[in-house]
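A.B. asks: Have a look; sequence and predicted model below, questions after that.
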Amino acid sequence: MAGKEWSDADFGGLPSVLVAAHELKTPLALIRQLALLLDDDLTSSADKTQIQQRIIRTSEQALQLTIDLANSANLTPSLFPLEPVNPLALCQQVAMETKFNAMLYGRKVRWPKSGRNSQLILANRTLLGRILANFLNNALAYTEDGSEIKVSVKATKDAVRMSVRDFGPMMSLREYRLLLDEMETRKTVRTRPESSGLGIYVANQFARAMNGRIGLIRHRDGLTFYVEMPISRQLSLI
């Protein structure tokens with residue numbers, strides 16, 4: 001396997017208008033196409049139910065992306081204060097919030113078990129939750145049928161790593177090297193051939209605002225996206 005950690009130099013600044021427009025144009029075009037199918041008399045009742053669910057899923061993801069982009073441009077400490085956070089408890093929260101989306105994809109997600117003795121981290125619950133959700137949405141889209149997505153939490157000496165492992169198509173070595181080259185030359189960041197990488201840009205901005213970092217590990221059968229957050233030296237208020 002191979003890994004990559006992103007830094008400020010990989011992104012350089014706010015995403016271009018073209019990148020953001022591309023990321024938002026795709027779901028809007030899909031919603032329009034699905035809406036036309038709903039009006040088609042040849043579409044069965046069962047298919048219409050599935051189409052309605054897909055419209056809901058697509059519109060919610062597009063709306064959340066616009067919210068994330070707005071937040072990434074105004075990551076002030078007063079709006080997103082840091083506090084002691086239990087990463088296992090946060091995983092359970094994100095699991096509940098993303099349960100419906102996973103069901104629509106027909107995917108199974110294995111979450112870490114909750115526990116009182118989890119190492120606390122210093123983070124903002126909203127931003128860290130959105131990082132995990134972005135990683136999970138990417139995994140849901142690319143994990144192959146019958147494969148399980150694995151979310152894990154692992155403590156090191158000074159940080160806690162929260163990872164989302166998918167079991168999708170292997171990224172070729174050429175694609176992986178191209179991805180690293182694009183990041184090193186500050187070009188558009190892409191995580192998969194069909195992706196503009198805007199979700200990873202947002203995740204990176206959120207992690208930076210919390211003094212954390214994100215990274216990627218390439219496997220023979222998929223990818224692992226992770227975020228590392230510093231350990232909290234304070235007592236949890238939760």
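C.D. replies: Great, that's in hand.
A.B. asks: can you name the farthest residue from the center of this structure?
C.D. replies: The C-alpha centroid of the chain is most remote from Asp41, which lies 37.1 Å away (Cα atoms, centre = their mean).
A.B. asks: which residue ranges form the strands in this structure?
C.D. replies: Using DSSP state E, the strands of the chain run over 2-5, 83-85, 108-110, 121-123, 148-155, 159-165, 213-219, 222-230.
A.B. asks: Return the most buried member of those.
C.D. replies: Most buried of those by mean neighbour count (mean count of other Cβ atoms under 10 Å) is strand 121-123; its value is a mean of 25. In this view, the C-beta of every residue, glycine as well, is placed from N, C-alpha and C.
A.B. asks: what about that one, average pLDDT?
C.D. replies: Mean per-residue pLDDT for strand 121-123: 95.
A.B. asks: Check which helices and strands that strand sits against.
C.D. replies: Applying 3 or more Cβ pairs under 8 Å, 6 or more residues apart in numbering; DSSP states H and E, we find strand 121-123 packed against strand 83-85, strand 222-230.
A.B. asks: hmm, 10 Å instead?
C.D. replies: strand 83-85, helix 87-105, helix 125-142, strand 159-165, helix 198-209, strand 222-230 (3 or more Cβ pairs under 10 Å, 6 or more residues apart in numbering; DSSP states H and E).
A.B. asks: returning to what we had before: just so I know, which of the strands of the chain lies nearest Glu175?
C.D. replies: Among the strands of the chain, strand 213-219 comes nearest to Glu175, with 9.2 Å by Cβ to Cβ.
A.B. asks: and that closest one, how far out from the chain's middle?
C.D. replies: 12 Å (Cα atoms, centre = their mean, to the nearest Å).
A.B. asks: Stretch 87-104 too?
C.D. replies: For stretch 87-104, the distance to the chain centre is 12 Å (Cα atoms, centre = their mean).
A.B. asks: Please convert the helices and strands packed on strand 121-123 to CSV, extending it with distance to Ala35.
C.D. replies: Shown next, in CSV, are these (distance: least, Cβ to Cβ, whole Å):
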stretch, distance to Ala35
strand 83-85, 40
helix 87-105, 17
helix 125-142, 21
strand 159-165, 31
helix 198-209, 24
strand 222-230, 32
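A.B. asks: mind checking which of the ones you listed is nearest Ile51?
C.D. replies: helix 87-105 (11.6 Å).
A.B. asks: low pLDDT regions in the protein?
C.D. replies: 1-23, 115-117, 176-197, 234-238 (pLDDT under 70).
A.B. asks: Which residue, neighbours along the chain excluded, lies closest to the spatially most central residue of the chain?
C.D. replies: The centroid of the chain falls nearest to Asn134 when counting by Cα atoms, centre = their mean (1.6 Å). Counting by Cβ to Cβ, 6 or more residues apart in numbering, Gly199 is the residue found nearest to Asn134 once chain neighbours are left out, at 4.4 Å.
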